[in-house]
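Participant: Below: sequence and its predicted model.
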Amino acid sequence: MSLRAAVDKTKAYLCLECGICTGSCPVSRHRDAYSPRLTVEKALLFSEDESVHDPEMWSCLTCGTCDLRCPSTVDFTGFMRSMRERARQVGESGVCTHADTLAALIDLQRMPGFRRQASWLGRGAKTRSRSSTYYFGGCLPFLDVVFKEIGFDGRGIGNSSVRLLNQLGIIPAVSEGEVCCGHDEYWTGGGDLVKELAKRNVAAIKKTGAKRVVFSCPECYHMFKHVYSEFVRGMGLEVVFLLDLLSEKMGDIRLNSRKTKVTYHDPCRLAKSDDIIEEPRNVLKSIPDLELAEMTRRGKDALCCGSSNWVSCSRVNKKIQVERLDEAISTGAQVLVTACPKCNIHLRCALRDEDCSGQIEITDAVTLVAGSLGGKKRGR
Amino acid sequence: MLDAGRHPRVELLAYSEIEGLKRKGGKFSLKVRKRTRYVDEEICNACGDCVSKCPGKAPDAFDMDLRKRKAIYLYFSQGIPAVMTIDSDHCIYFTKGKCGVCKKICDKGAIDYEMKDKILALDVDAVIVATGLDIFDPTALTHYGFGKIQNVITGLQYERLINATGPTGGHLHRPSDGKLAKKVAYVQCVGSRDLNNCAYCSSVCCMYSIKDAMLAREHDPESVSYVFHTDLRNVGKGFQKYEKRAAEEYGVQYIRGRVAEIEDGPNGNPIVWYEDTRKRKVESLETEMVVLATAAMPSRGALGLAKLLRIKADKYGFILCPPEQPADTSVAGIFACGFCKGPCDIPEAVSQASAAAERAAARIYEEVGV
């Protein structure tokens, strides 16, 4: 898509230059050089050649705060994606973090003969090769390889998710043919590779006879819900976020009491793009004796975890992360709960930053809930 | 208003609603519900004895809920007709079945708890719709924190604070702690010029915010004001001059940039986050109070009324009138004027009202013989 076409598609031409996007942008607060408003303005005024070489385009977190507040309903993140697509076509790219290891994981999963084993889910998680419900674990087992040293436990999140599904009487299918959902590739401007990943995933899931796919990662959920239809015609799969599914059924699950004060960090893909805000909180509140303290910026106004797509991780990103951690710590909570493995990793990493005001335990909501499993029926 | 109230040939039916309209030839027969005040309008002279003794309390809608009024009340001091009304939702006699203080105290015997709504049938030649405006509820714009941050108020609440008859006697005592607010931010386009809410420009906010800022300085020479705007849309004779005068003589500062977020800061001071688009820089400003210039929209009942009268209205409820006949609705004999047909300021609403009155008079002058 040319930049001109992207302007039309994302309605960037409606921009009033009011500046609410830049004022709301978590990056712009710490970095004057990056401004969503100026990015659009430049694209409208200058030639495509000038825009596609702008290194600032890789600073966008695609968190979507600007999209939500824009009075002209400009789809800025969509515009940014199209711009990155054009930039990649002329050989530009963002600076990859972790020496590009995480992008290499995709290539690893695409290698001929590569199969992920169901055993990654660990003990106590019952799965089948055929079921009407499929559990999509995405990159969880692979992330552990890189992030175990900061205490991230992706396999634990997968294990907890499946055990919670089992509690609801659902034994989900998993597949050896599942690959990365393609979220990061898509949002950094990728196309063909995303298409390939989408097709492989949908084929692998259909092979298990599943009609419904359950996710514990908001980014995978986002891809299936909003992006895959662009690449796979008539997907015919119901997509559900695990915490959304659980929120209605927590009464059926017996949980042990847990006397802890927690706070909940809204992942952007859940809260900002899909309005899943109260459901994770309801799940947490169903743990007996658990106290939920709220940060002032919550729901659609929540601050992004500060890093995305494994590109451009700089001092600015650290500042955003530390800002969020400080906000969480100031609630007096002992545990910061999130529902996205990526937020989990990024915030854990920032805990080691010297500017961080204190320490807080970080965990995924499903891990926390599954940790309370096996209690007596509530009310007894 | 007073002239209309005293005119021998004008009958006021305040506190009444139209419930039905039938067209008969070129005329209309209206069904009007005149709501009961539980007070005889012919007898009551608004002396206020009942108000001083009434034990029931309710939020004062005219004062934008900034203070309480009694359950028997006068809507506002210059209201026409000047008669009391009992708010049966908050009256102790109606809610608990005993009290009756107002009835005992009224030596004119104006109170009647048994009074019912009256349904009136009126045959008229013309109808003029002048239902005015309501304001947009800014609670939905969660990033502005209205309803959560105490010192973030609406323009209409500010109007009550700065008004001598208002709850603070005209001093800017802010809601959180009663401290005088000396550093005030005025935020433009709250819900207006916003495709997700009111896509149109409310047209009056830039001017009234500047006026508000000037008033603040008149009341307190130490006051500092900041007007955050998308564009200052002061289009009228002398408006530009007014804008300039506010900056030069009253120290009003204009900052171009739509406010992004309002944060609850220390000591109840709201912190405003914005991009100053002239400087191309994201900044924050700690203020003592923030005034939101909320979008003005047609009255909440406007769409329902349009349906009842079978006149055309747009999706917001603005009554549609063709540009070449600006007072005429889509039904002959029904006219409209003021904010109910589109954003306008007071002088414009007054001239529109004259136009609508003329158009209505043309239908009846032979019969009435004016």
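Facilitator: The structure has been received and is ready for your questions.

Participant: contacts and neighbour counts: CA atoms only from here.
Facilitator: Will do.

Participant: Return the distance of the helix or strand bottoming out on mean pLDDT in chain B from the chain's centre.
Facilitator: Every helix and strand in chain B was compared by mean pLDDT, DSSP states H and E; the lowest is helix B:2-6, with a mean of 85. Averaging C-alpha positions (C-alpha atoms, centre = their mean, to the nearest Å) puts helix B:2-6 21 Å from its chain's average.

Participant: Over to stretch B:360-370?
Facilitator: 32 Å.

Participant: Using PDB, write down the CA coordinates of it.
Facilitator: Coordinates of each C-alpha in stretch B:360-370 appear next as PDB, following Å, rounded to 0.1, in the frame of the first residue of the first chain:
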ATOM      1  CA  ALA B 360     -46.000  32.500  13.600                       C
ATOM      2  CA  ALA B 361     -47.700  35.900  13.700                       C
ATOM      3  CA  ALA B 362     -48.200  35.800   9.900                       C
ATOM      4  CA  ARG B 363     -50.400  32.800  10.400                       C
ATOM      5  CA  ILE B 364     -52.700  34.400  13.000                       C
ATOM      6  CA  TYR B 365     -52.700  38.100  12.500                       C
ATOM      7  CA  GLU B 366     -56.000  38.200  10.400                       C
ATOM      8  CA  GLU B 367     -57.800  36.200  13.100                       C
ATOM      9  CA  VAL B 368     -56.300  38.000  16.100                       C
ATOM     10  CA  GLY B 369     -56.300  41.400  14.300                       C
ATOM     11  CA  VAL B 370     -53.000  42.800  15.700                       C
END
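
Participant: hmm, who's touching it?
Facilitator: By C-alpha atoms under 8 Å, 6 or more residues apart in numbering or on different chains, the residues outside stretch B:360-370 that reach it are B:D125, B:A126, B:V127, B:I128, B:G333, B:F335.

Participant: Now B:S29: which helix or strand?
Facilitator: Here B:S29 sits within strand B:27-34, counting by DSSP states H and E.

Participant: Helix or strand next in line after that strand, which one?
Facilitator: Defined by DSSP H and E, the subsequent element after strand B:27-34 is helix B:49-53.

Participant: Give me the contact list for the very next helix or strand once past that following helix.
Facilitator: Sequence order places strand B:57-59 as the next helix or strand after helix B:49-53, per DSSP H and E. Defining contact as C-alpha under 8 Å, 6+ apart, one finds that strand B:57-59 is touched by B:D65, B:L66, B:R67, B:K68, B:R69, B:K70, B:A71, B:H90, B:C91.

Participant: cutoff 7 Å now
Facilitator: By C-alpha atoms under 7 Å, 6 or more residues apart in numbering or on different chains, the residues outside strand B:57-59 that reach it are B:D65, B:R67, B:K68, B:R69, B:K70, B:A71, B:H90.

Participant: do the same with stretch A:57-74
Facilitator: A:10-12, A:14-15, A:20-21, A:24-25, A:75-77, A:80, A:94, A:268, A:272, A:304, A:307-308, A:312, B:193-196.

Participant: let's see 6 Å
Facilitator: Applying C-alpha atoms under 6 Å, 6 or more residues apart in numbering or on different chains, the contact partners of stretch A:57-74 are A:10-12, A:14, A:21, A:75-77, A:94, A:268, A:308, B:194-195.

Participant: Check stretch B:155-165 too.
Facilitator: So stretch B:155-165 is in contact with B:D63, B:M64, B:G166, B:T168, B:G170, B:H171, B:L172, B:V291, B:L292, B:A293, going by C-alpha under 6 Å, 6+ apart.

Participant: For it, give the mean pLDDT please.
Facilitator: For stretch B:155-165, mean pLDDT rounds to 95.

Participant: Okay, buried residues for that stretch please.
Facilitator: B:G155, B:L156, B:Q157, B:Y158, B:E159, B:R160, B:L161, B:I162, B:N163 (16 or more other C-alpha atoms under 10 Å in any protein chain shown).

Participant: Export the residues you listed to CSV and append columns for secondary structure.
Facilitator: Compiled in CSV, the buried residues of stretch B:155-165 are given as follows (DSSP: H, G, I helix; E, B strand; the rest coil):
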residue, secondary structure
B:G155, helix
B:L156, helix
B:Q157, helix
B:Y158, helix
B:E159, helix
B:R160, helix
B:L161, helix
B:I162, helix
B:N163, coil
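
Participant: Any chance of those in TSV with distance to B:C189 as columns?
Facilitator: What follows is the buried residues of stretch B:155-165, written out as TSV (distance: C-alpha to C-alpha, whole Å):
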residue	distance to B:C189
B:G155	11
B:L156	14
B:Q157	16
B:Y158	16
B:E159	17
B:R160	20
B:L161	21
B:I162	21
B:N163	23
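
Participant: picking up where we left off before, nearest to A:L292, of the contacts of strand B:57-59?
Facilitator: Taking C-alpha to C-alpha as the measure, B:D65 is the one of the contacts of strand B:57-59 closest to A:L292, at 31.4 Å.

Participant: Report the beta-bridge partners for the nearest residue to that closest one once chain neighbours are set aside.
Facilitator: Distances taken as C-alpha to C-alpha, 6 or more residues apart in numbering or on different chains place B:P59 nearest to B:D65, at 5.1 Å, with adjacent residues excluded. Legend: beta-bridge partners of B:P59 under DSSP bridges are B:K68.

Participant: By neighbour count, which of the contacts of stretch B:360-370 wins?
Facilitator: Within the contacts of stretch B:360-370, B:F335 tops the neighbour count with 26 neighbours, counted by other C-alpha atoms under 10 Å in any protein chain shown.

Participant: quick check, that residue in a strand?
Facilitator: Yes. Assessed by three-state DSSP, B:F335 belongs to a strand.

Participant: give the contact list for it.
Facilitator: Per C-alpha under 6 Å, 6+ apart, neighbours of B:F335: B:I128, B:A327, B:D328, B:T329, B:A356.

Participant: Now compare the residues you listed and name the two farthest from each other.
Facilitator: B:T329 and B:A356 (10.3 Å).

Participant: tally of neighbours for residue 290?
Facilitator: Looking at chain A here, since you left the chain open. Counted with other C-alpha under 10 Å, A:L290 comes out at 15.

Participant: try chain B instead
Facilitator: B:V290: 31 neighbours (other C-alpha under 10 Å).

Participant: in the sheet, who's paired with it?
Facilitator: With DSSP bridges as the rule, B:V290 is bridged to B:V152, B:A185.

Participant: Hmm, it is touching B:V187, no?
Facilitator: No. If you go by C-alpha atoms under 6 Å, B:V290 and B:V187 don't touch, sitting 7.2 Å apart.

Participant: Which two of the buried residues of stretch B:155-165 have the greatest separation?
Facilitator: B:G155 and B:N163 (12.2 Å).

Participant: Kindly state the pLDDT recorded for the spatially most central residue of chain A?
Facilitator: Per C-alpha atoms, centre = their mean, the C-alpha nearest to the average position across chain A is that of A:E219, at 3.6 Å. Listed pLDDT for A:E219 reads 98.

Participant: same deal with B:K104?
Facilitator: Taking B:K104 on its own, its pLDDT is 96.

Participant: in which helix or strand would I find it?
Facilitator: Judged by DSSP H and E, B:K104 forms part of helix B:101-105.

Participant: mind listing what's buried in that helix?
Facilitator: B:C102, B:K103, B:I105.

Participant: Output that helix in PDB with nothing but the alpha carbons.
Facilitator: This file holds the C-alpha atoms of helix B:101-105, laid out as PDB (Å, rounded to 0.1, in the frame of the first residue of the first chain):
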ATOM      1  CA  VAL B 101     -44.700  21.800  57.600                       C
ATOM      2  CA  CYS B 102     -45.100  23.800  54.400                       C
ATOM      3  CA  LYS B 103     -48.900  23.400  54.500                       C
ATOM      4  CA  LYS B 104     -49.000  24.600  58.100                       C
ATOM      5  CA  ILE B 105     -46.700  27.500  57.600                       C
END
